[in-house]
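> Need coordinates for the below:
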Amino acid sequence: MGPVTGEAALLLRATGGWAADPGVGGARARLVEVAGAALGADVVPSLGDGTTSRTVALGWLHEAVAGPMHVAGGLELAQAWVHAVWTGDHSGLDDQEVLARSPLGRPVDALATTTEDLYALTRAALMATDVGHRATSHTIRVAQAEAALALALDADDLALVAEVLWLWPLLDLPWSAPADFALGLVDAQAPPATGGPAHAAAFSTGVLNALLATARLRRAVRRDGERVLALPAPVHGPRWATAYRALPLRQRSALAPLVLTIVVRRAHQAHDVAAMRTAVKVALRHGLLDAPAASHTAAVVRRGDGRAVVHALVG
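The predicted structure is shown next:
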């Protein structure tokens, strides 16, 4: 039951913070009840929002990822994630060198990648995003994810297929036809067996599928409610910033044009063209180009790029 308890711990971590959500809070409460019987009721809060039995909780989480992460660069990312869970400090998960050395930084080789490599890739995505709680700046191309999916499908292992499908919501990849095809296979699999090793395997697959559903739901919430949080913004600011960060994710979406305006104005005042260019890219990605701030900033960036070209031509 070791791997199963580790995977259940990951699911509890992934659903942490949803106890009060009117849509999924009830399901989360039932999950806590079931998992509490298996893991220990005093461990469950540490996997969500509480602070009790942190050492035991971290042990379960480590068990869920330790095996797949015994590859080059994998343990380094695992250590950064455990530190983030323990302290709340996610700076190690933003270290580009650590991420580049992890399985996320290596391309999927259609001829040589093993199933162990695929497990390492999916667990690296879990850790870099803290099981979907945060976005990561180090992602992969859709073509790489689709190559990993092809290998998992040909291995005829639906649990592995479900894990590879995590890559789309965790890394914010655009949904594709191969992913849709694979998801249909996962959804259509036979109901769990009753009793014996087959039951344990089916339970494990069910947990992995639940993790996939959780990641997809959290991605939808993040895209809707945190559309501009990736933009550069000061940690300390006026009262609106404190109030904004305290809002539930679902309430932030309507404020996206407001935040975009403030961010680009500050970038313009600081003569930070790179930040302005980033703002335009985020606005394009999230359908905010109609906002005056986006169009004004795009014009400034175009003029700045034009002057740079002229300067390069005339010396």
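> Now name the helix or strand holding Ala120.
In the assignment (DSSP states H and E), Ala120 maps to helix 115-128.
> From the contact counts, what lies against that helix?
If you count contacts as 3 or more Cβ pairs under 8 Å, 6 or more residues apart in numbering; DSSP states H and E, helix 115-128 packs onto helix 54-66, helix 74-87, helix 142-154, helix 158-165, helix 167-170. Bear in mind the C-beta positions are built from the backbone N, C-alpha and C, glycine included.
> residue ranges with poor pLDDT in the chain?
1-73, 190-238, 245, 248-253, 285-286, 303-315 (pLDDT under 70).
> Which segments of it make up each domain?
For the chain, automatic domain parsing gives the domain ranges 67-225, 239-314.
> tell me the most buried of those?
Among the domains of the chain, ranked by average contacts under mean count of other Cβ atoms under 10 Å, first place goes to domain 67-225 (a mean of 18).
> so Thr136, which of the three states?
Secondary structure, DSSP: H, G, I helix; E, B strand; the rest coil: Thr136 is coil.
> Now it: phi and psi?
phi -120, psi 140 (degrees, to the nearest 10).
> wait, what's in contact with it?
Thr136 sits next to 93, 99, 104, 125, 128-129, 170-171 when contact means Cβ atoms under 8 Å, 6 or more residues apart in numbering.
> In CSV, list these along with distance to Ala112.
What follows is the contacts of Thr136, written out as CSV (distance: Cβ to Cβ, whole Å):
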residue, distance to Ala112
Leu93, 28
Leu99, 22
Leu104, 18
Ala125, 20
Ala128, 23
Thr129, 26
Leu170, 24
Leu171, 22
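> ok, these vs Asp154, which is closest?
Ala125 (20.6 Å; Cβ to Cβ).
> any idea how far Ala135 is from the closest residue to that closest one other than its chain neighbours?
Of all residues not flanking Ala125 in the chain, Leu170 sits nearest, at 4.5 Å (Cβ to Cβ, 6 or more residues apart in numbering). From Leu170 across to Ala135, the span is 9 Å (Cβ to Cβ, to the nearest Å).
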